[in-house]
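Visitor: sequence unavailable; structure follows:
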């Protein structure tokens, strides 16, 4: 572990979080619940959302430019709050920025395999996540004893980006994915995209009480806490640090969604993609 992380634990480091859009807000929510004293810069690359169907090399290039930007803004730890970007770029980023600690998203196949009673687990994720070496590695290590049923939920990220969390079209996408899985006996669902926790209430109405839905965000927040030493020495009571919200898309669109997704309003600043590239140089 780089020495700077331990030093930063005393001064409370600034955390940079990025995603293609609003999905990473599910991770931000968990981090804020566990460590409200952490200052955060959240960057939604909505000029390029969704990342899921894009080539891995393109997502890697976006991730590198955003990382450079966040570091230039003072971030000392980067959370890649996007399963697609983690699959495409996490290993590369750790090599390219060896002094910076990274926390990425790993599909929660291990806890699902450990908890399932039926031996059948459903995984909802984007095509890039399923194609990535990270997912293949997790499956190889932890899923030998279970049957995994996979679905890419086409269009679901766009529905969540639009704030249509319980719309008929959103339900239709989820039913197409989940009903065949239910017929085959799933008792656990892994959410392999950070957007998907925002539709957990809708998923639960479709699958019923007998199916466990695993949200990976709390475990990611705990890993952030471990890296900066805040698990052992929690935030002082009543402290709350600022969150800066940035988007490469329309600021007004993201700003209007924050109350729905996070339960609070906040100002959002719009960045040009060229500005991200320039600031990260």
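Guide: Great, that's in hand. Please read these numbers as outputs of a predicted model, since none were measured by experiment.

Visitor: what element comes up after the helix or strand bottoming out on mean pLDDT in the chain heading to the C-terminus?
Guide: In the chain, the helix or strand scored least confidently by mean pLDDT, DSSP states H and E is helix 3-11, which has a mean of 45. Counting by DSSP states H and E, the element after helix 3-11 in chain order, helix or strand, is strand 15-19.

Visitor: show me what that following strand is packed against.
Guide: helix 25-34, strand 40-44, helix 56-72, strand 77-80 (3 or more CB pairs under 8 Å, 6 or more residues apart in numbering; DSSP states H and E). Backbone N, C-alpha and C define where each C-beta goes, glycine included.

Visitor: highest mean neighbour count out of these?
Guide: Across the helices and strands packed on strand 15-19, averaging neighbours per residue (mean count of other CB atoms under 10 Å) puts strand 77-80 on top, at a mean of 26.

Visitor: adjacent strands (with direction) for that strand?
Guide: Strands that pair with strand 77-80, judged by DSSP bridges, come out as strand 15-19 (parallel), strand 102-103 (parallel).

Visitor: pLDDT on the first one, on average?
Guide: Read it as strand 15-19. Average pLDDT, strand 15-19: 98.

Visitor: chain center to that strand, what's the gap?
Guide: Centroid separation for strand 15-19 versus its chain: 9 Å, with CA atoms, centre = their mean, to the nearest Å.

Visitor: likewise for stretch 181-201?
Guide: That offset, for stretch 181-201, works out to 15 Å (CA atoms, centre = their mean).

Visitor: span of it from start to end?
Guide: 18 Å (CA to CA, to the nearest Å).

Visitor: for stretch 83-93, give me every contacting residue.
Guide: For stretch 83-93, contacts defined as CB atoms under 8 Å, 6 or more residues apart in numbering pick out 18-20, 50-52, 54, 56-57, 59-60, 62-64, 67, 78, 80, 100, 102, 104-107, 125-126, 128-129, 131-135, 192-194.

Visitor: turn the helices and strands packed on strand 15-19 into a markdown table, including distance to residue 93 and mean pLDDT.
Guide: Below are those laid out as a markdown table (distance: least, CB to CB, whole Å; pLDDT from 0 to 100):
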| stretch | distance to residue 93 | mean pLDDT |
| --- | --- | --- |
| helix 25-34 | 16 | 95 |
| strand 40-44 | 14 | 98 |
| helix 56-72 | 6 | 96 |
| strand 77-80 | 7 | 98 |
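
Visitor: per-domain residue ranges of this protein.
Guide: Domain ranges of the chain: 3-105+218-279, 109-215, per automatic domain parsing.

Visitor: point out where the protein drops to low pLDDT.
Guide: Residue ranges of the chain with pLDDT under 70: 1-10, 232, 280-281.

Visitor: switch the cut-off to 80
Guide: 1-11, 230-234, 237-238, 275, 277-281 (pLDDT under 80).

Visitor: what's the closest of the helices and strands packed on strand 15-19 to residue 276?
Guide: Minimum separation from residue 276 across these (CB to CB) falls at helix 56-72, 4.7 Å.

Visitor: before we move on, back to that, export the helices and strands packed on strand 15-19 as a markdown table, with columns for distance to residue 11.
Guide: Formatted as a markdown table, those follow (distance: least, CB to CB, whole Å):
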| stretch | distance to residue 11 |
| --- | --- |
| helix 25-34 | 18 |
| strand 40-44 | 15 |
| helix 56-72 | 17 |
| strand 77-80 | 13 |
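
Visitor: and for the residue lying closest to residue 210 once chain neighbours are set aside, the neighbour number?
Guide: Spatially, and ignoring its direct neighbours in sequence, residue 210 is nearest to residue 187 (6.4 Å; CB to CB, 6 or more residues apart in numbering). By the criterion of other CB atoms under 10 Å, residue 187 has 18 neighbours.
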